[in-house]
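J.: Pasting the sequence and the predicted coordinates here, then a few questions.
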Amino acid sequence: MEKQTLIIVISAVFGLGSGIIMHRSDFCIAGMFRDLFLFRNSPWLRSLVLLIAISMLLFETARLLGILSYSLPSPLFGLPALTNLLGGIIFGIGMVLAGGCVVSTLYKLGAGSLPAACAFIGLLIGSTLYAEFQPQWQQLDNATRLSDAATLPQLLHLPQTLVIFITLVVLSAILYRWHIKGLLLRPSWVSGYLQPRTAAVLLAVIGLLSFSLLGMPIGVTTSYAKVGSFVEEILYPQHFAHLSYFHKQGFEYLLPLSNQTLHAGAGPFWDGLALVQFPLIVGIIVGSTLSAIRMKKFNCHFNIPPVQLLSALIGGIIMGLAARMSTACNIWHLLGGLPLLSLQSILFTLGLIPGAWLGTLLFTRFVVKA
Amino acid sequence: MIEKTNQLIEINVCGQICPSTLLTTLREVNKHRKLLSTGELCLDILTDNHDSTIRICEAVGNMGYNVEVAEQGNYYRISIAKIAINKSL
């Protein structure tokens, strides 16, 4: 594979940048959805809308200029099925119980959080457990397929640019209203705090660079399955040999930097996904650690109530499972798929809403009483 | 006008899972609302979660309390009282 070192460096830089931005701005998709139900107010959710709108504008402009080349359905975003909705619901429950989504778990881990470490272990376990029933889940996915269209424009039989333009006009009107009311700006008493709207712009730019240079939006969870498969192969080699999920290389994508088509899978191999996602994961953790040290807020506290650690572990397992069940994690769907109007991602996001509600009920009943 | 409170309760939620800091704060404010409303009590929350400094100030401020945030080393001290907070108590 050509230009391996360059790809690793670029991906690590994206990770470092994302880790710093997310840590400084308290980026947390779990919190955005959870707080809608818990506090009837979710200020960061408005900046998520901004992030999705900017990503949509950047992706479509880059596509029209020939900088970004993709065609859906593809292994990146396939055809929609009810399993995407179900995966979103389960993921929503998991992220609330874990106290953070797949990437906020990483940057909180980088800042020294013990619950985030438990959620991270849970994510590895959950992503690995999926291999136990992947063939049956794939059958369910095929049986509940909803459409032969991969995106909303395809479903509506309308030009992609037109649908994206209309969506952007609506989102811009909403965002402008929030801007006039000052709702995109957060008060802060913390030095070094990054406003969510600034973080949204920066993360959208990183998303575009990742997609155009590395051929895929930001995502991490397939690599969690990779780590799990590596451990399982060592501990239970006979059982591992029977898990078809870990022996496939079904993920195929074009790497624009080297103009190569790469094959990848969830198994313990150094492939196209490992090349991009491992440096990204390490980058996010390291970036967050550096940010926390710079702010003098790197902390490791060990006197955490055990029920909170258990909740984080269980939430992580549920998230890991659900990310595989719905083909990808929340970052992939929300920051990569929604801007492309992928139907898989729209279903996943719709599922997050009842999932976060259920997760909030469980969290306030069993973990921390409201 | 700065007045003195008689009691100080300190609650340490450093390192806890999100959103434990805000939930714990709201629970403690409701639990001690009588003493807080008469100005006899000041509630101090110690947290390392910077998002909580914003959320607590908004939520508890909207309930009519005075809230102050101070960075103290590797954590934040969020002081809540009905009256203006006197740091010399």
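T.: Thanks, I have the structure now. Note that the structure is a prediction, hence the values are computed from the model and not measured.

J.: Strand partners (parallel or antiparallel) of whichever strand or helix holds residue A:252?
T.: Element membership of residue A:252, judged by DSSP states H and E, is strand A:251-255. Paired strands of strand A:251-255, with direction, are strand A:260-264 (antiparallel) (DSSP bridges).

J.: Please spell out which residues along the partner strand are buried.
T.: A:262, A:264 (16 or more other C-beta atoms under 10 Å in any protein chain shown). Any C-beta I mention is one placed from the backbone N, CA and C, and that applies to glycine too.

J.: ok, and for the strand holding residue A:252, which residues are buried?
T.: A:251, A:253-255.

J.: Can you classify residue A:67 as helix, strand or coil?
T.: Recorded secondary structure, residue A:67: coil (DSSP: H, G, I helix; E, B strand; the rest coil).

J.: and it, how far is that from chain B?
T.: 35 Å (C-beta to the nearest C-beta, to the nearest Å).

J.: just residue A:193 next, same as before
T.: Taking C-beta to the nearest C-beta, one finds residue A:193 at 6 Å from chain B.

J.: Extract the residue ranges of the chain that are flagged as low pLDDT.
T.: You didn't pick a chain, so chain A it is. A:1-2 (pLDDT under 70).

J.: Correction: the question concerned chain B.
T.: Residues of chain B that meet the cut-off, pLDDT under 70, sit at B:1-5, B:83-89.

J.: Can you name the residue of it nearest chain A?
T.: Distances between chain B and chain A by C-beta to the nearest C-beta are smallest at residue B:15, namely 2.8 Å.

J.: Now name the helix or strand holding the residue nearest to residue B:68 when sequence neighbours are not counted.
T.: Closest residue to residue B:68 apart from its sequence neighbours, by C-beta to C-beta, 6 or more residues apart in numbering or on different chains: residue B:79 at 4.6 Å. Residue B:79 is part of strand B:75-81 when elements are defined by DSSP H and E.

J.: What of residue A:331?
T.: Residue A:331 belongs to helix A:330-331, assigned by DSSP H and E.

J.: now residue A:147
T.: Residue A:147 belongs to no helix or strand, assigned by DSSP H and E.

J.: How many neighbouring residues does it have?
T.: 12 (other C-beta atoms under 10 Å in any protein chain shown).

J.: ok, now which ones touch it?
T.: A:79-80, A:155, A:343 (C-beta atoms under 8 Å, 6 or more residues apart in numbering or on different chains).

J.: Narrow those residues to those in helices?
T.: A:155, A:343 (DSSP state H).

J.: Quick check: the two most widely separated of the contacts of residue A:147?
T.: A:79 and A:155 (10.7 Å; C-beta to C-beta).

J.: quick one on the thing from earlier: what's in contact with the strand holding residue A:252?
T.: A:7, A:69, A:74-76, A:214-216, A:222, A:260-265, A:272-273.

J.: Residue B:44 should be in a strand, yeah?
T.: Yes - according to three-state DSSP, residue B:44 belongs to a strand.

J.: got the contact list for the residue of chain A found nearest chain B?
T.: Nearest residue of chain A to chain B (C-beta to the nearest C-beta) works out as residue A:301 at 2.8 Å. Each residue near residue A:301 by C-beta under 8 Å, 6+ apart is listed here: A:112, A:114, B:14-16, B:48.

J.: By neighbours, which of those residues wins?
T.: residue B:16 (26 neighbours).

J.: Quick check: residue A:337 vs residue A:296, distance?
T.: Per C-beta to C-beta, to the nearest Å, residue A:337 is found 38 Å from residue A:296.

J.: Give me the buried stretch members for stretch A:280-300, please.
T.: So stretch A:280-300, judged by 16+ other C-beta under 10 Å, has buried residues A:280-292, A:295, A:297-299.

J.: re earlier: list the beta-bridge partners for the residue nearest to residue B:68.
T.: residue B:44, residue B:68.

J.: Which residue ranges of chain B form helices?
T.: Counting by DSSP H, the helices of chain B are B:20-31, B:33-37, B:50-62.

J.: residue closest to the middle of chain A?
T.: Chain A has residue A:331 as the residue nearest its centroid, 2.0 Å off, counting by C-alpha atoms, centre = their mean.

J.: who in the stretch 201-350 of chain A is up against chain B?
T.: Listed as neighbours of chain B in the stretch 201-350 of chain A under the rule C-beta under 8 Å from any C-beta of the partner chain: A:296-305, A:308, A:311-312.

J.: residues from chain B in reach of chain A?
T.: B:14-20, B:22-24, B:26-27, B:48, B:50-51, B:53-55, B:57-59, B:69, B:71, B:73-76.

J.: how does it look with 6 Å?
T.: Residues of chain B lying close to chain A (C-beta under 6 Å from any C-beta of the partner chain) are B:14-18, B:20, B:23, B:48, B:50-51, B:53-54, B:69, B:74.

J.: What is the nearest of the residues you listed to residue A:320?
T.: residue B:17 (17.3 Å).

J.: isn't that closest one right next to residue A:307, touching?
T.: No - judged on C-beta atoms under 6 Å, residue B:17 makes no contact with residue A:307 at a distance of 9.3 Å.

J.: ok, residue 47 - contacts?
T.: With no chain named, the answer covers chain A. Contacts here follow C-beta atoms under 6 Å, 6 or more residues apart in numbering or on different chains; on that basis residue A:47 touches A:196-197, A:200.

J.: nope, chain B
T.: B:13-14, B:21, B:76.

J.: Quick check: closest non-adjacent residue to it.
T.: Residue B:47 sits nearest to residue B:21 (C-beta to C-beta, 6+ apart), 4.7 Å away.
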